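[1] My questions are about this predicted structure, shown below with the sequence.
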Amino acid sequence: MRIVINDANILIDLIHLQMIHLLFELKHLELKTTDFVFEELGSPQRAILQKFIDQGTLEILESEEKELENIFNLLNNTSGLSFEDCSVWYFAKINKGILLTGDGKLRKQSSQDGIEVRGILFVFDELLKAGLITFDFALLKLDQLYQINNRLPIKAKIERIEFWGREEHIA
């Protein structure tokens with residue numbers, strides 16, 4: 001089972017797409033986020049995620065004094081990242097997990113630190129591989145995703161349209 005540390009933007013996008021419940025059906029992933037990311041979310045979003053916390057499918061990683069010091073060190077040695085960003089980076093590193101984020105600066109800086117970084121399209125790919133969504137549904141939601149999040153890479157969208165249109169998985 002792979003540990004996945006979720007950044008806020010992924011959770012927010014999946015909530016907007018009404019697909020958040022599907023993320024927690026990926027049983028091969030151990031899903032976590034930090035207390036700081038959870039608090040960064042709006043109260044309606046936290047209420048939706050609370051169900052998954054109560055079911056034990058989402059773990060909130062609590063930051064103690066030692067973690068806070070390490071997160072502040074990351075923050076002080078980077079540029080353009082928030083404390084919340086540094087918290088998911090730190091916990092992905094110590095858990096040897098995947099950092100799931102759509103933030104370009106966080107993606108670049110944490111991957112330079114040896115962290116495996118994935119984005120929301122990884123979630124779509126995993127849902128397809130697990131048979132939790134159809135290719136038609138994935139294409140529909142992909143279009144909706146790019147309407148609500150214009151920072152996503154166009155090349156990745158085109159690649160998925162080509163593959164999913166042929167009902168093929170991305171390798």
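    Sure thing, it's come through.
[2] Please report how far the residue nearest in space to the middle of the chain lies from Glu168.
    The geometric centre of the chain, computed from its C-alpha atoms, lies nearest to Leu100 (Cα atoms, centre = their mean), at 3.2 Å. For Leu100, the distance to Glu168 equals 23 Å [Cβ to Cβ, to the nearest Å]. C-betas here are computed from N, CA, C, even on glycine.
[3] do the same with Phe91
    From Phe91 to Glu168 the distance is 34 Å (Cβ to Cβ).
[4] what about the two, which has more around it?
    Remark: of Phe91 and Glu168, Phe91 carries more neighbours, 23 against 12, as counted by other Cβ atoms under 10 Å.
[5] check which helix or strand covers the more buried one.
    Per DSSP states H and E, Phe91 falls inside helix 83-94.
[6] Give the rounded mean pLDDT of the helix or strand that comes right after that helix.
    Sequence-wise, the next helix or strand downstream of helix 83-94 (DSSP H and E) is strand 98-100. Taken as a whole, strand 98-100 carries a mean pLDDT of 98.
[7] On the three-state scheme, Leu68 is what?
    helix (DSSP: H, G, I helix; E, B strand; the rest coil).
[8] The helix or strand harbouring Glu159: which residues count as buried?
    Using DSSP H and E, Glu159 sits in helix 154-165. Within helix 154-165, the residues scored as buried using 16 or more other Cβ atoms under 10 Å are Arg160, Phe163, Trp164.
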